[in-house]
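Q: Just to be clear, the model below is a prediction. Sequence and coordinates:
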Amino acid sequence: MDFLALCIEATWYRRYPLWWLVAALLWPLGLLFRPIAAIRRWLARKIGKAARLHRPVVVVGNISVGGSGKTPLVISLCKELAKLGLQVGVLAHAYKAPDLSPRAMSSQDTFASAGDEACLIYCRCPNAYVWIGRPRGMALERMLKAQTDIDIVLIDDGLQDYSFQRDLELVLWTESGLGNRLHLPAGPLRESWPPHGAGDSSSSTGKQQVPRLLVRTDGVEDDSWLAAGGASFDQFECLTPGLHGLYKLEELTRHDTCNLVGFETLFGQRCHLFCTVARGWRVTEALVALGVQVSPHYYRDHYPLSLAEIIRTITLLPTESKPEAILLTEKDAIKLFVQTPQTVTTALGIQVWVIAYQVASTATMLERISALAQSEFV
């Protein structure tokens with residue numbers, strides 16, 4: 001199943017010569033996906049039963065599946081809004097959590113109980129209330145009832161969920177993230193791209209027209225898609241993500257005060273990257289561009305990576321290929337953190353480094369969100 005997931009992802013992003021053959025086999029299913037999505041949007045607008053909440057809601061989502069920087073942007077927004085004196089509530093995406101009843105996260109949660117992205121947000125945003133649960137509309141109502149001092153709500157993912165009304169949508173995308181530009185499951189698109197107006201987008205819930213910011217997260221200052229989107233978007237933002245350094249696994253929970261070191265620390269070492277994020281090859285490419293010699297081990301997005309898996313993989317390597325350092329993304333590090341970090345390092349016998357990745361919010365984005373937080377809601 002994991003191999004199949006990687007093959008489908010490779011098809012979406014044209015990573016092998018015969019990608020078009022698999023895409024052609026899945027294409028008929030993609031023809032069904034688009035009208036079904038359109039019907040859901042039409043029903044949401046016409047029926048208009050999405051709950052209206054008494055605090056503003058900002059959705060951070062994307063047009064395609066995964067890998068656009070939603071979770072890192074939510075973390076950045078949490079930190080910056082806290083600096084402005086705002087109390088943030090976050091409804092996180094609890095991928096494959098066994099219990100999806102709405103609840104607040106606690107220090108007892110692990111990626112197995114709440115999902116890797118939710119645990120990462122909880123770990124990195126100690127001043128925010130972090131909740132998980134479905135349906136999202138019910139989870140939002142319970143969160144606001146329990147935490148009455150919330151000024152603004154951020155939702156990680158959920159752009160295509162019409163069970164609640166929102167007040168601003170941040171629609172993230174990258175050129176490479178559009179892949180083969182086909183709809184699920186033949187391609188990575190959740191919606192048509194570019195949308196041809198509000199009727200072909202998720203820019204309305206119930207009878208409410210929602211402002212949308214088109215946020216490009218690959219650092220390319222090209223707003224031509226804004227015009228292509230017609231009335232669907234009212235502003236363009238460009239964010240430049242990047243790898244900002246390394247820190248030791250045991251410093252994951254104190255990220256803001258950790259000892260961040262440069263990638264030159266790894267020069268001359270054989271490094272192995274264990275990566276379970278969408279389009280993980282981009283991490284490898286970024287590391288190589290920084291001069292790091294890295295051998296990647298890719299898994300499907302959200303794969304439950306474990307210490308035993310890493311040890312088993314390393315054990316099978318020939319002596320001359322064994323790593324001198326292990327590299328993890330923060331999303332993967334949170335999975336190993338359920339064990340004592342020192343135990344992980346001791347078991348492996350080599351240093352485990354976490355890659356600091358950041359998608360920073362812009363001043364314009366913060367101004368719009370803080371203005372919403374200070375507005376009067378009935």
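A: Perfect, I can see it now. Residues are numbered from 1 along each chain as shown.

Q: Spatially, which residue comes closest to residue 368, not counting chain neighbours?
A: Of all residues not flanking residue 368 in the chain, residue 168 sits nearest, at 6.5 Å (CB to CB, 6 or more residues apart in numbering). No exception for glycine: its C-beta is placed from N, CA and C like everyone else's.

Q: Please report how far the one you found lies from residue 252.
A: Using CB to CB, to the nearest Å, we find residue 168 at a distance of 30 Å from residue 252.

Q: try residue 160
A: 31 Å.

Q: and residue 215, that's in a helix?
A: No. With DSSP: H, G, I helix; E, B strand; the rest coil as the criterion, residue 215 is assigned strand and is not in a helix.

Q: burial of it, as a residue count?
A: 27 (other CB atoms under 10 Å).

Q: Kindly state the beta-bridge partners for it.
A: According to DSSP bridges, the partner residues bridging residue 215 are residue 172, residue 237.

Q: Enumerate every residue touching it.
A: 73, 170, 171, 172, 173, 236, 237, 238, 239, 365 (CB atoms under 8 Å, 6 or more residues apart in numbering).

Q: And those, which of them are buried?
A: Using 16 or more other CB atoms under 10 Å as the burial test, those include 73, 170, 171, 172, 173, 236, 237, 239, 365 as buried.

Q: tell me which of those residues is nearest to residue 22?
A: Of all the buried ones among the contacts of residue 215, residue 173 has the smallest distance to residue 22: 23.4 Å, by CB to CB.

Q: wait, doesn't that closest one sit right on residue 213?
A: No. At 11.2 Å, residue 173 does not count as touching residue 213 under the criterion of CB atoms under 8 Å.

Q: Please determine how far residue 212 is located from residue 263.
A: 36 Å.

Q: correction: residue 297
A: 19 Å.

Q: Of those two, which one has the most company?
A: Taking other CB under 10 Å, residue 297 and residue 263 do not tie; residue 263 has more neighbours (20 against 17).

Q: For the more buried one, which non-adjacent residue is spatially closest?
A: In space, residue 263 is closest to residue 290, 4.6 Å off (CB to CB, 6+ apart).

Q: and if you look at residue 135?
A: residue 163 (4.9 Å).

Q: For this protein, which segments count as helices?
A: Assigned by DSSP state H, the chain shows helices spanning 2-12, 19-47, 70-83, 111-114, 116-124, 136-146, 224-228, 281-289, 307-315, 330-336, 341-348, 363-373.
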